[in-house]
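Peer 1: what shape does this take:
(one chain, ligands or ions: 2)
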Amino acid sequence: MRIEIDNLGKTYGRSHPALDSVRLDLRSPSMIGLVGPNGAGKTTLMQLLVGQMLASAGTVRVDGADLQGLGKAFRRRLGYLPQNFGLYDELTVRQFLDYLGCLKGLPAPRRDVIAACIERAALTEKADARIRTLSGGQKQRVGIAQAMLNDPELLIVDEPTVGLDPEERIRFRNLFSRDAGRRLVILSTHIIEDVESICNRLIVLHQGRIRFDGAPSELVRRAEGHVGVIEVQGEREAAFEGRFRLTGRVVTAQGAACRIVGHDLPPGCRPVTPTLEDAYIYSMSNGAAS
Ligand SMILES: Nc1ncnc2c1ncn2[C@@H]1O[C@H](COP(=O)(O)OP(=O)(O)OP(=O)(O)O)[C@@H](O)[C@H]1O
Ligand SMILES: [Mg+2]
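Peer 2: Ligands and ions are numbered 1, 2, ... in the order given. Predicted structure coming up:
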């Protein structure tokens, strides 16, 4: 599958554009991490890609055809986990997945497909429990399960790992990445570790525009020389505020060892290898264009 996004824009009412002149060429197989601060436009972009909302400008083409004209045929190839999805509280997990399977056009009998899906999402014990009795993380698993129900070619998941415990987060990450070999997966997240461990491409959105698009290692490379550790005591630390971003602070006998990110590091600062998180913070602070 290939998705060509050209000059895509979305403006809600009379406000600032939520998405502005976005150009992207997405091809399977690929595992794409979409990151950016709150309000950057991640959910808006995803809603436009799944055809849930109309764009204010630009086009989205799927394998050469305009997304708007695709309708049902496209939805059959799509799995989508919205950021805030409603669940039918009174249905059991099994009933809910069967209902969604029906809506997605999965042929009956769906029993085996649904059982396998429940198992993959580690919900076997809760299969016949009503959704309202599940914990937040378990509900999130139901959301992920429904997105993968039709074995989609295009999987768009908006903050799928929110609310999952670390073990589950790792399990789902592996599940997404295992499928990425034959899919196009777009995953939005605030957890840089999610990107680090499975994504081969990173897209950073900032105020509706693309700030970076490339390999995570490339973002790290751009931050080299802009991340360092400096030992500080008392008031000297205050002098850094505003000039640098602090990404770590370890208390020491002398004061504190601060990990700072900035364009020009101060004298006495020992440069260190940036992590992807440092690199993301750096891209936010200096406007590193892709
Ligand atoms: N339905 C809406 N009506 C008006 N403005 C909206 C609507 N949805 C989003 N916005 C605005 O559009 C911008 C982008 O929002 P969006 O939800 O796409 O951001 P996001 O990157 O997904 O943020 P988060 O990380 O908080 O989920 C924000 O400024 C937001 O206030
Ligand atoms: Mg969002």
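Peer 1: so what's the residue in the stretch 101-250 of the chain positioned nearest to ligand 2 bridging to?
Peer 2: Relative to ligand 2, the nearest point of the stretch 101-250 of the chain is D158 (5.9 Å; Cβ to the ion). For glycine as for every other residue, the C-beta is placed from the backbone atoms N, C-alpha and C. Residues in a beta bridge with D158, per DSSP bridges, are S188.
Peer 1: do the same with L246
Peer 2: L246 has the following beta-bridge partners by DSSP bridges: I260.
Peer 1: OK, contacts around it?
Peer 2: Shown in contact with L246 (Cβ atoms under 8 Å, 6 or more residues apart in numbering): F240, C258, R259, I260, V261.
Peer 1: count the residues that sit near the fourth one.
Peer 2: Spelled out, it's I260. For I260, the count of nearby residues is 24 (other Cβ atoms under 10 Å).
Peer 1: can you check the last one too?
Peer 2: With neighbours defined by other Cβ under 10 Å, the count for V261 comes to 25.
Peer 1: mind pulling up the pLDDT for the closest residue to it other than its chain neighbours?
Peer 2: Closest residue in space to V261, ignoring its immediate chain neighbours: R245 at 4.5 Å, by Cβ to Cβ, 6 or more residues apart in numbering. Here the pLDDT value assigned to R245 is 88.
Peer 1: do I have it right that C199 meets I186?
Peer 2: No: using Cβ atoms under 8 Å, C199 is not in contact with I186, being 9.7 Å away.
Peer 1: now that R76 has come up, it's in contact with N150, right?
Peer 2: Yes: assessed by Cβ under 8 Å, R76 is found in contact with N150 at 6.6 Å.
Peer 1: these two: which has the busier surroundings?
Peer 2: Per other Cβ under 10 Å, whichever of R76 and N150 has more neighbours is N150, with 19 against 14.
Peer 1: what distance do you get for the closest residue to the more buried one other than its chain neighbours to A73?
Peer 2: Leaving out its chain neighbours, the residue that sits closest to N150 by Cβ to Cβ, 6+ apart is K104, at 4.9 Å. Distance, K104 to A73, by Cβ to Cβ, to the nearest Å: 12 Å.
Peer 1: compare these two (neighbour count), which wins?
Peer 2: Of the pair K104 and A73, K104 is the one with more neighbours under other Cβ under 10 Å, namely 17 against 10.
Peer 1: how far away is the more buried one from D179?
Peer 2: From K104 to D179 the distance is 17 Å (Cβ to Cβ).
Peer 1: ligand 1 contacts on the stretch 51-200 of the chain?
Peer 2: Listed as neighbours of ligand 1 in the stretch 51-200 of the chain under the rule Cβ under 6 Å from any ligand atom: Q83.
Peer 1: in the stretch 51-200 of the chain, what residue is nearest ligand 2?
Peer 2: Q83 (4.6 Å).
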